[in-house]
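1. I would like the atomic coordinates for the input below:
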Amino acid sequence: MESVISSVMSSVGVIIGYSLAGFGIGIGILGSKIAEAVGRNPEVKNEIVSSMMILLIVLSIFVLLMFAFCFMLLFFNPFVS
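-> Numbering: from 1, shown residues only. Model (predicted):
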């Protein structure tokens with residue numbers, strides 16, 4: 001039973017680490033492309049920034065759902081009876 005709990009805790013740590021790393025890399029790529037688009041066409045800055053904010057909100061909701069899934073694995077684990 002302790003091996004199952006330790007495996008779940010280590011896998012939850014890996015899930016959180018990879019997801020936050022991917023989120024950070026994705027936000028960096030998105031920011032660079034936004035800066036490139038605004039540099040090429042400064043007149044549409046407001047539209048680009050508003051669409052970027054909507055996308056960031058959706059991505060943040062996905063990260064929060066991932067945290068909820070990880071905490072469900074930690075506290076309501078179906079493999080530990």
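2. what are the buried residues along the lengthiest helix in the chain?
-> For the chain, the helix with the greatest residue count under DSSP state H is helix 2-40. Under the neighbour-count criterion of 16 or more other C-beta atoms under 10 Å, helix 2-40 has 8, 12, 19, 34 buried. In this view, the C-beta of every residue, glycine as well, is placed from N, C-alpha and C.
3. and which of the residues you listed is nearest to Leu64?
-> Leu64 has its nearest neighbour among those in Ser19, at 10.8 Å by C-beta to C-beta.
4. for Val49, see how far away the closest one is.
-> 25 Å (C-beta to C-beta, to the nearest Å).
5. repeat for Leu56
-> Distance of Leu56 to Val49, given as C-beta to C-beta: 10 Å.
6. any regions of this structure where pLDDT drops low?
-> Along the chain, segments meeting pLDDT under 70 span 81.
7. and with 90 instead?
-> The model of the chain has pLDDT under 90 over residues 1-13, 15-16, 19-20, 23, 59-60, 62-63, 66-81.
8. need the contact list for Val63.
-> 19-20, 23 (C-beta atoms under 8 Å, 6 or more residues apart in numbering).
9. same thing but at 10 Å, please
-> Contact partners of Val63, counting by C-beta atoms under 10 Å, 6 or more residues apart in numbering, are 16, 19-20, 22-23.
10. export those to TSV and tack on distance to Phe79?
-> TSV is the format used below for those (distance: C-beta to C-beta, whole Å):
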residue	distance to Phe79
Ile16	19
Ser19	21
Leu20	25
Gly22	26
Phe23	27
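11. what's the closest of those residues to Asn41?
-> For those, with Asn41 as the reference and C-beta to C-beta as the criterion, the closest is Phe23, at 27.3 Å.
12. what residues are up against the closest one?
-> 59-60, 62-63, 66.
13. same question, Phe69
-> Listed by C-beta under 10 Å, 6+ apart, the contact set of Phe69 reads 12, 15, 19.
14. ok, Val49 next?
-> Contacts of Val49 by C-beta under 10 Å, 6+ apart are 34, 38.
15. which residue, other than its chain neighbours, is closest to Val80?
-> Val4 (5.8 Å; C-beta to C-beta, 6 or more residues apart in numbering).
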